[in-house]
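Participant: structural data only, the sequence is not supplied:
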Ligand SMILES: Cc1cc2nc3c(=O)[nH]c(=O)nc-3n(C[C@H](O)[C@H](O)[C@H](O)COP(=O)(O)O)c2cc1C
Ligand code: SF4
Ligand code: SF4
Ligand code: FES
């Protein structure tokens, strides 16, 4: 329980940092309302999501009602409103991927990670989303892990994808520990 | 030479340098390795392939040039690599991973001894030793106009495009004028490739004659149809061809501004196009006073945000203007009143990519390809259960049968053909009896499907048509902008019925309701999203009614796909003792060992993922799938308890 409170506080703190950064970036953007979507896209691209208050800030920047910005951001599938995991996982559910079992792949990730689509794991390691066709339909079913596209995914490959990330993490941690040891001894 | 060089003269200076470079590539001094590195290539692992080549070359201390190219359309064979070894014709290899790359370096690039026939797809040029790609049905039947250079030139090199004749059509139009090119496109009878098939020349003419200025052209690269990816491929593989077509369209209507609307799910297409715009600007092929004339064009990229309806032109305009993408009633058409109220021509990526070829070779040449009413070629993404999945460009009017069975090698693993879903969410599923339908806008519509953007999903007998209809209605229901009641509420109701059917629930009344409601949605919706949304339901009802009936009358899914209506079990007769392949693969630990070391499935735990079917070695092939679930035989076996299990060890 206390863990959760700590985690929540951490999230709040992080969100404040994101908002501070956006406050610095915003004046640099055009105020032409044609740039409204591109500005939202830029914010999401830099910070991974659109915190609620960032949309209020964007509304003020363009001098439009906050409701308009909320309305737009929720209309488009691209935007997300909570922080993504360090390894965002997107499962393609386009026609080709669906026919080849994309739904089952998504379910396997759900089960393996213990989160539903649209959610992020507690430790912020993974987030899970569905996407409509990434344009690799000949290699269906397809999953995008971070920036990398995995093709011909099978339910057992789901396990492999996660294991690979875990191994990478472990290696990174070991390297880090080694580096720290080295700098300590210096 | 006069003091003012003509556009052609300026261009030919640029081209000369590019051609020299290109010539050198055709007669290379060191081996040149071309790697297909579009999104699909990357998904298949082309980055590992490139790294593999680099490592192996370095180890051996060999010199070779590595060039990344786009997608050839042979996606089934990716990662695709072409090696041009001095003295050999360029040879194309399939499924080249890092390991194969190493072998190619060691046996071929080092000394040119063994050209590794085992990975060879074919040679790119006629020769005495190797089969050429042109010998394959795939190439033989294809007619490449728009995809001519895809996968063969470096999309990041303006020089490559210039060397194969790029921007010459733009220079020609700069000299001949707007009126001339509009007439040329009109007489070519080029119909828009974005779905509706409206003649591009007529659209251009309307905008050209509109009085308001400035004018705008928009390239529609939203490609919302799931299952289709030719626009992405064109933008990633030959971006300058799109830009040249866009510039010609702008010149034709007198526009000073151009926007490429590209969906955000295509990051590589966005960056490739952006890079190409910058390169073209630098050489004065876009931007201010193009090729020394007084024609200027400001070009920008706008990223679509992932809403299907935004591919519709009026909704697309709304989203650029910073609004929710809601379609509006037409007229006025965008060509008269579009972006910011200005005359705006919106054309699809494929439409614009066709323009340079028409200008270069003439409308007469173009009209000789394809059918009388729809001249030219069509690019299809033929995916699903087909042997050679990928992109194919064929003349309009060839039959579906020809495309699927001859060009794409028929159904995978020798399974029977069941249906082809064509035209995305606005299209339909056509059965075997409709395979002779020639492919063009009009005849496909007659058959109840739609050309759409050219996405084709081929399905074998393991795909359930009720489930496919449910999938598409789920999609349109989710993507409806909600403005029209019929589209919003009607599709939701259709979805409820279809969901029930996939669970084995429903009645004869439901079937009648699907039919009448479907027809009403078509009548009562404003934009084509709603007007075509029921197509997948209506076509499947028409051609696969028995399958619908089986679901609610017999609680059975004949294709064994609907998960509520199927079950898996392991046939004890064929199960090999002690082979634990299925146990290891099951994500829910549903497979247990019986007293004689054979395996069985705990139906309570099984989530019907089907993984064990693939895991069970083909020589045993012991996992069975049945529908309805009650068909699982009572084998009278239970999981062993702990003690028994230990005794068994
Ligand atoms: C719901 C809906 C979605 C559409 N999506 C696309 C699309 O993704 N790409 C496209 O080029 N056209 C799409 N269109 C068609 C466009 O409205 C428009 O007709 C087309 O871009 C015009 O270009 P063309 O004449 O070159 O075909 C869509 C239409 C509708 C009704
Ligand atoms: S038909 Fe559907 S998507 Fe089209 S405008 Fe109406 S509600 Fe929106
Ligand atoms: S279908 Fe999937 S869940 Fe069921 S037994 Fe086989 S592997 Fe396990
Ligand atoms: S349907 Fe999944 S990549 Fe196109």
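Facilitator: Great, that's in hand. Please read all numbers here as calculations on a predicted model, not as lab measurements. Numbers count the residues shown, from 1 in each chain, chains lettered A, B, ... in the order given. Ligands and ions are numbered 1, 2, ... in the order given.

Participant: please name the nearest non-neighbouring residue to residue B:371.
Facilitator: Spatial nearest neighbour of residue B:371, excluding adjacent residues (CB to CB, 6 or more residues apart in numbering or on different chains): residue B:397 at 3.9 Å. C-betas here are computed from N, CA, C, even on glycine.

Participant: what about the one you found, neighbour count?
Facilitator: The local packing of residue B:397 (other CB atoms under 10 Å in any protein chain shown) involves 18 other residues.

Participant: do stretch A:120-139 and ligand 1 meet?
Facilitator: No. Shown here: stretch A:120-139 not in contact with ligand 1 (CB under 6 Å from any ligand atom), separated by at least 10.8 Å.

Participant: which parts of stretch B:412-424 are buried?
Facilitator: Buried positions in stretch B:412-424, judged by neighbour count with 16 or more other CB atoms under 10 Å in any protein chain shown: B:417-424.

Participant: skipping its backbone neighbours, what lies nearest the residue in the stretch 1-150 of chain B positioned nearest to ligand 2 in space?
Facilitator: The minimum distance from the stretch 1-150 of chain B to ligand 2, using CB to the nearest ligand atom, falls at residue B:39 (27.9 Å). Leaving aside its sequence neighbours, residue B:39 sits nearest to residue B:268 (CB to CB, 6+ apart; 5.1 Å).

Participant: pretty sure that neighbour sits in a helix.
Facilitator: Yes. The assignment for residue B:268 (DSSP: H, G, I helix; E, B strand; the rest coil) places it in a helix.

Participant: just the helices in chain A please.
Facilitator: Along chain A, the segments classed as helices by DSSP state H run A:2-25, A:36-47, A:52-62, A:66-75, A:95-99, A:102-113, A:155-185.

Participant: for those, which one sits closest to ligand 3?
Facilitator: Nearest of the helices of chain A (CB to the nearest ligand atom): helix A:155-185, 6.9 Å.

Participant: need the contact list for residue B:467.
Facilitator: B:502, B:557, B:559, B:561-562 (CB atoms under 8 Å, 6 or more residues apart in numbering or on different chains).

Participant: which among these are in contact with ligand 4?
Facilitator: Of these, not one also sits near ligand 4 (CB under 6 Å from any ligand atom).

Participant: count of neighbours near residue B:616?
Facilitator: Neighbours of residue B:616 using other CB under 10 Å come to 22.

Participant: isn't it up against residue B:625?
Facilitator: No. Between residue B:616 and residue B:625 there is no contact under CB atoms under 8 Å: 11.5 Å.

Participant: what number of residues lie near residue B:409?
Facilitator: By the criterion of other CB under 10 Å, residue B:409 has 17 neighbours.

Participant: how about it: what's its closest non-neighbour residue?
Facilitator: Nearest residue to residue B:409, sequence neighbours excluded (CB to CB, 6+ apart): residue B:387, at 3.3 Å.

Participant: using the three-state scheme, assign residue B:23.
Facilitator: Going by three-state DSSP: residue B:23 is helix.

Participant: just the pLDDT at it, thanks.
Facilitator: Predicted confidence (pLDDT) for residue B:23: 92.

Participant: quick one: low-confidence parts of chain A?
Facilitator: A:1-8, A:184-186 (pLDDT under 70).

Participant: in it, what residue lies closest to ligand 2?
Facilitator: As assessed by CB to the nearest ligand atom, ligand 2 sits closest to residue A:75 within chain A, at 11.6 Å.

Participant: residue contacts, the residue nearest to residue B:39?
Facilitator: Going by CB under 8 Å, 6+ apart, the list of residues near residue B:268 reads B:38-39, B:42, B:236.

Participant: show me the one in the residues you listed that has more neighbours than the rest.
Facilitator: Top of the contacts of residue B:268 by neighbour count (other CB under 10 Å): residue B:38, with 30 neighbours.

Participant: so that one touches residue B:72, yeah?
Facilitator: No. Under the criterion of CB under 8 Å, residue B:38 makes no contact with residue B:72, lying 9.1 Å away.

Participant: take the contacts of residue B:268 and lay them out in JSON lines including secondary structure.
Facilitator: Formatted as JSON lines, the contacts of residue B:268 follow (three-state DSSP):
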{"residue": "B:38", "secondary structure": "coil"}
{"residue": "B:39", "secondary structure": "helix"}
{"residue": "B:42", "secondary structure": "helix"}
{"residue": "B:236", "secondary structure": "helix"}
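
Participant: farthest pair within those?
Facilitator: Based on CB to CB, the longest span within those runs between B:42 and B:236 and measures 10.0 Å.

Participant: hang on, the earlier thing: quick check: the residue nearest to residue B:409 touching residue B:407?
Facilitator: No. Taking contacts as CB under 8 Å, residue B:387 lies outside contact range of residue B:407: 10.3 Å.

Participant: name the residue in these two with the higher neighbour count.
Facilitator: Higher neighbour count among residue B:387 and residue B:407: residue B:407, with 23 against 16, using other CB under 10 Å.

Participant: ok, the more buried one - contacts?
Facilitator: Per CB under 8 Å, 6+ apart, neighbours of residue B:407: B:137-138, B:141-142, B:382, B:388, B:392, B:394.

Participant: and chain B, which residues reach ligand 4?
Facilitator: So far as CB under 6 Å from any ligand atom goes, chain B lies against ligand 4 at B:226-227.

Participant: go on, chain A?
Facilitator: Close to ligand 4, as judged by CB under 6 Å from any ligand atom, chain A has residues A:92, A:94-97, A:133-137, A:140, A:142.

Participant: which member of the residues you listed is positioned nearest residue B:49?
Facilitator: Nearest to residue B:49 among the residues of chain A next to ligand 4, with distances taken as CB to CB, is residue A:136, at 15.9 Å.

Participant: I'd like the distance between the residue nearest to residue B:371 and ligand 3.
Facilitator: To ligand 3, residue B:397 is 44 Å away according to CB to the nearest ligand atom, to the nearest Å.

Participant: right, and that residue touches residue B:441 too?
Facilitator: No. Applying CB under 8 Å, one finds residue B:397 not in contact with residue B:441, separated by 10.7 Å.

Participant: who touches both of these two?
Facilitator: By CB under 8 Å, 6+ apart, the residues touching both residue B:397 and residue B:441 are residue B:374.

Participant: what secondary structure does residue B:394 sit in?
Facilitator: With three-state DSSP as the criterion, residue B:394 reads strand.

Participant: count of neighbours near it?
Facilitator: So residue B:394, with other CB under 10 Å, has 21 neighbours.

Participant: I'd guessed it sits against residue B:371; true?
Facilitator: No. Using CB under 8 Å, residue B:394 is not in contact with residue B:371, being 11.7 Å away.

Participant: residues in contact with residue B:354?
Facilitator: B:145-146, B:190, B:193, B:245, B:366, B:376-377.

Participant: now, which of those sits nearest ligand 2?
Facilitator: residue B:193 (21.1 Å).

Participant: right, and the closest one touches residue B:355 too?
Facilitator: No. Residue B:193 sits out of contact with residue B:355 when judged by CB under 8 Å, with a separation of 11.1 Å.

Participant: residue ranges with poor pLDDT in the stretch 1-150 of chain B?
Facilitator: Scanning the stretch 1-150 of chain B for pLDDT under 70 picks out B:1-3.

Participant: let's see that with 90 instead.
Facilitator: Counting by pLDDT under 90, the stretch 1-150 of chain B has low-confidence residues at B:1-5, B:87, B:110-118, B:125-131, B:133-141.

Participant: how about the helices in it?
Facilitator: In the stretch 1-150 of chain B, the helices defined using DSSP state H, counting those that start in this stretch lie at B:7-26, B:39-43, B:46-60, B:98-104, B:137-141.

Participant: winner for burial among those?
Facilitator: helix B:39-43 (a mean of 27; mean count of other CB atoms under 10 Å in any protein chain shown).

Participant: how distant is it from the center of its chain?
Facilitator: 13 Å (CA atoms, centre = their mean, to the nearest Å).

Participant: repeat that for stretch B:288-299.
Facilitator: 33 Å.
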